[in-house]
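**Q** following is a predicted model, sequence given first.
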Amino acid sequence: MKSRGTAETFKVLGIVPVPVLEELTEKQIEVLISAHESGIYAIPARAKMDDVAKRLGMSRSTYVEHHSKAMNTLMDNSYPMLKLFALPKTK
């Protein structure tokens, strides 16, 4: 693992290391972008997955499957960075 200083630099600069996005398919990226742009992640959500899926020409179940796989990949790939950010700050 890298030092806390590197993690802070990523955070300040708003940089997402490329490996976090590795293994995502084009369809998964499309679904994640559509979810974000449609407001699915907003609280409360501004859109329903059914409606966004329909706009993309796919069933809700297909949309949810792509979304779930993409989120799982993002979590697997970002886990080391999450652990790094969770480290206590050093003085």
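**A** Here it is on my side, so go on. Numbers count the residues shown, from 1 in each chain.
**Q** quick one: low-confidence parts of the protein?
**A** 1-18, 89-91 (pLDDT under 70).
**Q** ranges for the helices of it?
**A** Remark: helices assigned in the chain by DSSP state H are 4-13, 26-38, 49-55, 60-86.
**Q** contacts for the shortest one?
**A** For helix 49-55, the external contacting residues (C-beta atoms under 8 Å, 6 or more residues apart in numbering) are S34, A35, S38, I40, S59, R60, T62, Y63, V64, H67. Glycine gets a C-beta too; all of them are placed from N, C-alpha and C.
**Q** buried only: go through those for me.
**A** Buried subset of the contacts of helix 49-55 (neighbour count, 16 or more other C-beta atoms under 10 Å): S34, A35, S38, I40, Y63, H67.
**Q** roughly how far apart are the fourth one and T25?
**A** By that I understand I40. I40 sits 19 Å away from T25, going by C-beta to C-beta, to the nearest Å.
**Q** can you check V64 too?
**A** For V64, the distance to T25 - C-beta to C-beta - is 15 Å.
**Q** which one of the helices of the chain lies closest to V20?
**A** Checking these against V20 by C-beta to C-beta gives helix 60-86 as the closest, at 4.6 Å.
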